[in-house]
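Colleague: Quick one, fold the following:
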Amino acid sequence: MSTIPTAQLASVVYGDGIALDDPAESYHEAAKLQRSSAGRDTRGIRLLETQTELWASVTRASRRRPHLPRVPLPPIRLPQAALEDVLRDRRSRPPQRGSTLTPDELGAVLFAAYGIVAGEPERRAAPSAGALYPLGIYVLALRVTGIESGIYHFDQYDLCLERLPHPWAHAGSAFVDPELGENAAALIVIAGMFHRARFKYGIRGYRFALLETGHVAQNALLCAEALGLDALPLGGFYDSVVRDHRRRRGERVGALADRARPDRPVMTSTGLWVRIGLGAAAAAAALVLLEVPPPTAVALPPPLAAALGILAGTLLFLVLARRAPTFTSFPPSLRIARAGFILGWAAVEEILWRWLALGSLSVRTGAPIALLASSLGFACAHASGRPGHLATGSVFGAVYLASGQLLAPVLAHATYNALLVESLGRSRLERRTG
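Modeller: You can find the predicted model right below:
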């Protein structure tokens, strides 16, 4: 019987020895858990043990986009198949040209990959270190029956697809083998938000996120096999193409093996409080030092102005989100803190953009031009979501002009932000506040 000698692959990779600046080896060493550094690397664990509000927020780890158009998935029906048969038959099979997929099949694969399978606290189909669930699932639908071609985010809570703007015209351009992308009926992208895992586990959290990616991919592949679908895991994509497209959508995630590097700097807690402090100081100085005439000769009584503001904020949310608001269960102390922050920051922005900017400009240019200019300035002052901020700023400005009371746009602003934050189920208010 002939024997095949074992190839010495290590010598091909390392040559005469491991280089001191080898990035893979450096990361592996940095991600090791040491007794001397365990306390520093896992400080997030201590925070979770002492702050119940933080734990309540972490247990709903998902990025949701209720303001985007949604496509409900059919009721989930997982395939009935013997595990032994699925494990023995599973193969990586490239898609056939012109292949199609039904919404039932897509929904089953997505649910098997990362769906919520248990209640409170929520648990998903794939294991996750600390139940932090740092991954997001995206679908590039190409030929899914009844679903328009485009890029979607899988919302595990409502079992729906959220359609993202800027469709990807040529799926094959991202892959080393373009036919794999062009022939597929759908491409499922596993994206990592590594800070969720690193918050608790330090650099080792990066390892955990990659392990979790494998769990999710295997779940999807086994479900596809049970459904009789061709499925192929792919890592041969061009990172720069995915990164550039992600930047156009304003995403901050790493796709599969992409590095966990934000496309633009994320505001730290210190930066947030500096922004809040500067904004509050500017608003207070404007109120004390400047005299701005009211936009209308006759102002509504405060109760009517308050009602107008709350109604406008609610309607604005319903129009932009295209859905009824949902409410998340939070501890009373966290809910009060959130409400205070939302109301306070809404007051600061309305003083600066409606009372000062809109009020001052309306005297010189007239109300229509002043409304347009102040709304454009309000939108440009925000780093992301500028079309949405242009719409909200225009509504808040119109409410101010109609009521003649600053109270109305403040409550409209606060109501809209409160409904948005509740529906998103997030504690990091700076990501979505208007």
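Colleague: Would you work out how far apart the start and end of stretch 161-178 are?
Modeller: Terminal residues of stretch 161-178 are spaced 25 Å apart (CA to CA, to the nearest Å).
Colleague: What mean pLDDT does that stretch get?
Modeller: The average pLDDT within stretch 161-178 is 80.
Colleague: list the buried ones in it?
Modeller: Using 16 or more other CB atoms under 10 Å as the test for burial, stretch 161-178 gives 161-164, 168, 171, 174-175. C-beta here means a position set from N, CA and C on the backbone, and glycine is covered the same way.
Colleague: Then Leu229 would be within a strand, right?
Modeller: No. Leu229 is assigned coil when assessed by DSSP: H, G, I helix; E, B strand; the rest coil, not a strand.
Colleague: number of nearby residues for it?
Modeller: Leu229: 22 surrounding residues under other CB atoms under 10 Å.
Colleague: Over to Gly393: give its phi and psi.
Modeller: In terms of degrees, to the nearest 10, the main-chain angles of Gly393 are phi -60, psi -40.
Colleague: Check it and give its pLDDT.
Modeller: At Gly393, the model reports a pLDDT of 92.
Colleague: was I right about it contacting Ala381?
Modeller: No. Look at Gly393 against Ala381 with CB atoms under 8 Å: they stay out of range, at 9.3 Å.
Colleague: more neighbours, those two?
Modeller: Neighbours per residue (other CB under 10 Å) separate Gly393 from Ala381, with Gly393 holding more: 30 against 13.
Colleague: so what's the residue nearest the centre of the chain up against?
Modeller: Nearest residue to the geometric centre of the chain (CA atoms, centre = their mean): Arg63, 3.7 Å. Counting by CB atoms under 8 Å, 6 or more residues apart in numbering, Arg63 makes contact with 136, 153, 193.
Colleague: I'd say the last one and Ile137 touch.
Modeller: Read it as Met193. No. Met193 lies out of contact with Ile137 (CB under 8 Å); the separation is 11.8 Å.
Colleague: Dump the buried residues of stretch 161-178 into JSON lines; add secondary structure and distance to Val216 as well.
Modeller: Output for these, formatted as JSON lines (DSSP: H, G, I helix; E, B strand; the rest coil; distance: CB to CB, whole Å):
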{"residue": "Leu161", "secondary structure": "strand", "distance to Val216": "17"}
{"residue": "Glu162", "secondary structure": "strand", "distance to Val216": "18"}
{"residue": "Arg163", "secondary structure": "strand", "distance to Val216": "22"}
{"residue": "Leu164", "secondary structure": "coil", "distance to Val216": "20"}
{"residue": "Trp168", "secondary structure": "coil", "distance to Val216": "21"}
{"residue": "Ala171", "secondary structure": "helix", "distance to Val216": "21"}
{"residue": "Ala174", "secondary structure": "helix", "distance to Val216": "20"}
{"residue": "Phe175", "secondary structure": "strand", "distance to Val216": "20"}
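Colleague: Adding distance to Leu232, write these out as TSV.
Modeller: Converted to TSV, the buried residues of stretch 161-178 look like this (distance: CB to CB, whole Å):
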residue	distance to Leu232
Leu161	21
Glu162	25
Arg163	25
Leu164	23
Trp168	19
Ala171	14
Ala174	15
Phe175	11
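Colleague: Could you pull up the mean pLDDT of stretch 335-350?
Modeller: What stretch 335-350 shows for mean pLDDT is 86.
Colleague: Just the CA coordinates for it, please, in CSV.
Modeller: C-alpha atoms of stretch 335-350 as CSV (Å, rounded to 0.1, in the frame of the first residue of the first chain):
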residue,chain,number,x,y,z
ARG,A,335,-37.3,54.8,31.3
ILE,A,336,-37.3,58.0,33.4
ALA,A,337,-33.7,58.7,32.4
ARG,A,338,-34.4,58.1,28.8
ALA,A,339,-37.4,60.4,28.8
GLY,A,340,-35.4,63.2,30.5
PHE,A,341,-32.6,62.9,28.0
ILE,A,342,-35.0,62.9,25.0
LEU,A,343,-37.0,65.9,26.3
GLY,A,344,-33.9,67.9,27.3
TRP,A,345,-32.0,67.3,24.0
ALA,A,346,-35.1,68.1,22.0
ALA,A,347,-35.4,71.4,23.8
VAL,A,348,-31.8,72.2,23.1
GLU,A,349,-32.1,71.5,19.4
GLU,A,350,-35.4,73.4,19.0
